[in-house]
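Q: Got a predicted model here, sequence first, then my questions.
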Amino acid sequence: MKNRSLFVLTGVLAVSTPITWSHVVLDQPGAPAGSSYRAVFRVSHGCDGLATTGITVRIPLGVQGAKPMPKPGWALDVRKEALVTPYTSHGKRVDSDVQEVSWRASSQESALPDGLYDEFILRATLPSTPGPLWFKVVQLCNDNGKEVRREWAQLPKEGGDTKGLTLPAVRLQVEPAGKGPSHH
């Protein structure tokens, strides 16, 4: 009887307690400073029952050489901008770099249905300074002419806790170099 009461109480709390689930999170939420990082953005569901038809990831300052992975059935767009401070990569001077990566479903059949999840992947070199790094993500959802745009771009006032934010940016904790595996 005691276990049944606990089960019922847990069920009541689960139904009555509002839980905010982020639509977009990173598969690996931490990585060493200066490492090559494989960012796997997990999209857990659509918007208000609509299928996801677009994902745009804004590359944070200090992240270098972002290269997205193409997805079958999705068009890929990479936007570069001139850098204020160029850098050298593999012996070559880099004057412009990726600022934004977008994946767009090529058709409604290629869209990500609300009840399913998928991953959108890019690789980049992380900054050499440890601390939280924030990726702002735009999720577009569309079905039969109805469109919803979600901007996962809210940042905490201090630190890295996103509790209480309704549309939090995607956080990557950049750890001191030498901590954790290198992803090069």
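A: Perfect, I can see it now.

Q: sec struct for the spatially most central residue of the chain, please.
A: The centre of the chain sits closest to residue 41, judged by Cα atoms, centre = their mean, with a distance of 4.2 Å. Under DSSP: H, G, I helix; E, B strand; the rest coil, the three-state class of residue 41 is strand.

Q: Tell me which residues touch it, please.
A: Counting by Cβ atoms under 8 Å, 6 or more residues apart in numbering, residue 41 touches 24-27, 55, 57, 119-122, 135, 137, 170. The way it works is simple: take the backbone N, C-alpha and C, and place the C-beta from them, glycine included.

Q: With distance to residue 45, pLDDT and secondary structure added, can I get the residues you listed in TSV?
A: Output for the contacts of residue 41, formatted as TSV (distance: Cβ to Cβ, whole Å; pLDDT from 0 to 100; DSSP: H, G, I helix; E, B strand; the rest coil):
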residue	distance to residue 45	pLDDT	secondary structure
24	10	92	strand
25	12	94	strand
26	16	96	strand
27	16	95	coil
55	13	98	strand
57	18	98	strand
119	13	97	strand
120	14	98	strand
121	19	98	strand
122	21	98	strand
135	19	98	strand
137	14	98	strand
170	15	96	strand
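
Q: Just the residues contacting the longest strand out of those in the chain, thanks.
A: The longest strand of the chain (DSSP state E) is strand 74-89. Identification of contacts with strand 74-89 by Cβ under 8 Å, 6+ apart yields 64-66, 68, 70, 93-106, 110, 125.

Q: One more pass at 7 Å, please.
A: 64-65, 68, 70, 93-106, 110 (Cβ atoms under 7 Å, 6 or more residues apart in numbering).

Q: Could you give the bridge partners of residue 133?
A: Beta-bridge pairing for residue 133 (DSSP bridges): residue 172.

Q: was I right about it contacting residue 172?
A: Yes. The pair residue 133 and residue 172 passes the contact test of Cβ atoms under 7 Å, sitting 4.5 Å apart.

Q: coming back round to it: list the strands paired with the longest strand of the chain, with their directions.
A: strand 92-105 (antiparallel).

Q: For the partner strand, buried residues please.
A: 97, 98, 99, 100, 101, 102, 103, 104, 105 (16 or more other Cβ atoms under 10 Å).

Q: would you turn these into JSON lines with distance to residue 147?
A: Shown next, in JSON lines, are these (distance: Cβ to Cβ, whole Å):
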{"residue": "97", "distance to residue 147": "30"}
{"residue": "98", "distance to residue 147": "26"}
{"residue": "99", "distance to residue 147": "24"}
{"residue": "100", "distance to residue 147": "20"}
{"residue": "101", "distance to residue 147": "21"}
{"residue": "102", "distance to residue 147": "15"}
{"residue": "103", "distance to residue 147": "16"}
{"residue": "104", "distance to residue 147": "13"}
{"residue": "105", "distance to residue 147": "13"}
